[in-house]
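**Q** Model the following, please.
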Amino acid sequence: MNLITRFLACLAILGLSSACAVAAPQPFEPELRDEIEQYLSDTKQEYGIAGYSIAILHNGETRYSGTAGYASIELAADVNDDTVFQVFSVSKLFTIVTLMQLVEAGLVDLDAPLAQYVHGLPDTWQEVTVRQAMSHSSGLPEYYNWPQKTPETAAEALEVAFAAPMEFERGTKTKYNQTNYLLLKQVIEHVTGNTLEDEVQARMIQAHGLAQTQYAGEFEVVHRRAVMYRSSKTGIKHNIFIDQPDYMFASTGLNSPARDLAIWFEKLLDHQLISEASLKAMWTPMQLTDGSTANFANGWEYSDYKGMIAFGHGGGNRADVRHFTKDGQSVTVIYLSNGSEREFWPGNVSWALADIVFAARGND
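**A** Residues are numbered from 1 along each chain as shown. Next up, the predicted model:
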């Protein structure tokens, strides 16, 4: 139930005779906060994490947020609630939800061939569907082959992909790549007549008050953006710069504070971005041609482990956004970091924190 619905219900109970305040979500109790913060502190120390910002939702409401460490080690500038992080491939979630909105509007059919919306594709690509591209089961060849130089334009990127053979028969397995999302960007732009960035800006960023969320590449100047670092044998270093041309923005290029992503997820779970039916359809794992379940659900990474079902996405081995369900409850973890002295997978943070919250709130 959203805040407006609660407010109207409250007025009805009072017979419209007086105003009624809507209770804000209550933070986790001190014992649970202490356990969360101890885990985060231990993890930061173990891996030498430069800085991080985190938000945790329980049953669709933000119940915990926190920051620690440096946004810039050189300047001794602390991470705070306004610190913006590059979220890398977490950007794909905004692309996916935009596509689901277009499905609801009758403009996109996920089971239609990409070629219905994007013209000039090779003959071997003609039957690949939108859904297969979303869930990386297309078999399309990859244009992005780092550390090779990133193609400067979308046309050059597609030229690289067009020249390569299909990697596998569509629908038979999954293999993560960026070509899929370049084509999905073109699908969105074909049916709307607008750029992907303009569509996301209007549909989500502006419409839902994500005030500090924006698209910008590696070399752009972004207000309050954390410096990115990486691990090395000799200690923490500046991240190796990887150009992010705007044609890659369906895959990467989004910058956001954890606070904005928590708002976005609250809206998603409250069916303000897409309907309940569309959310359920989006989070239905794809079935491969051999009958097995893929590890993607329309582009969301899908896992079912220890009684927890998870949908989410990582980004650049620094960010992780993941939604868990278990025994009728849900926990959503938004963890954004700017690098570490030693390699670690941020997804481990999401899984560990979800486990901590479920264990503490199991009887709610």
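
**Q** Look at Val118 and give its secondary structure.
**A** At Val118 the chain is in coil, as set by DSSP: H, G, I helix; E, B strand; the rest coil.

**Q** Apart from its chain neighbours, what residue comes closest to it?
**A** Distances taken as C-beta to C-beta, 6 or more residues apart in numbering put Gln186 closest to Val118, at 4.8 Å, once the chain neighbours are dropped. For glycine as for every other residue, the C-beta is placed from the backbone atoms N, C-alpha and C.

**Q** got it, and Gly51?
**A** Gly51 sits nearest to Gly69 (C-beta to C-beta, 6+ apart), 3.1 Å away.

**Q** shouldn't that neighbour be in contact with Tyr47?
**A** No - using C-beta atoms under 8 Å, Gly69 makes no contact with Tyr47, being 11.2 Å away.

**Q** mind listing the helices in the chain by residue range?
**A** Secondary structure of the chain (DSSP state H): helices located at 3-13, 30-47, 91-104, 130-134, 154-162, 179-192, 196-200, 258-269, 276-282, 346-360.

**Q** which other residues reach stretch 258-267?
**A** For stretch 258-267, the external contacting residues (C-beta atoms under 8 Å, 6 or more residues apart in numbering) are 53-55, 57, 60-62, 65, 81, 85, 87, 90, 94, 204, 208-213, 273, 321, 323, 332, 334-336.

**Q** go on, stretch 179-196?
**A** Counting by C-beta under 8 Å, 6+ apart, 92, 95, 98-99, 102, 107-108, 114, 117-118, 121, 130, 133-134, 136, 138, 140-144, 154, 157-158, 161, 199, 202, 247-251 sit against stretch 179-196.

**Q** Okay, now the unreliable bits of this protein?
**A** For the chain, applying pLDDT under 70 flags the ranges 1-24, 363-364.

**Q** Buried ones in stretch 236-250, by neighbour count?
**A** For stretch 236-250, a neighbour-count test (16 or more other C-beta atoms under 10 Å) marks 236, 239, 242, 244-250 as buried.

**Q** can you check stretch 76-92 too?
**A** Going by neighbour count (16+ other C-beta under 10 Å), the buried part of stretch 76-92 is 79, 83-92.

**Q** distance between the ends of that stretch?
**A** The stretch stretch 76-92 measures 32 Å between its terminal residues, going by C-alpha to C-alpha, to the nearest Å.

**Q** before we move on, what about stretch 125-137?
**A** Length of stretch 125-137, first residue to last, C-alpha to C-alpha: 12 Å.

**Q** Same check on stretch 39-55?
**A** Start-to-end, stretch 39-55 (C-alpha to C-alpha) is 14 Å.

**Q** Over to stretch 102-122?
**A** The first and final residues of stretch 102-122 sit 25 Å from each other (C-alpha to C-alpha).

**Q** what's in contact with that stretch?
**A** If you take C-beta under 8 Å, 6+ apart as the criterion, stretch 102-122 is touched by 99, 125-131, 133-134, 162, 183, 186-188, 190-192, 274-275, 278, 298.

**Q** buried residues in the lengthiest strand in the chain?
**A** Scanning the chain for the longest strand, with DSSP state E as the assignment, gives strand 61-72. Using 16+ other C-beta under 10 Å as the test for burial, strand 61-72 gives 62-72.
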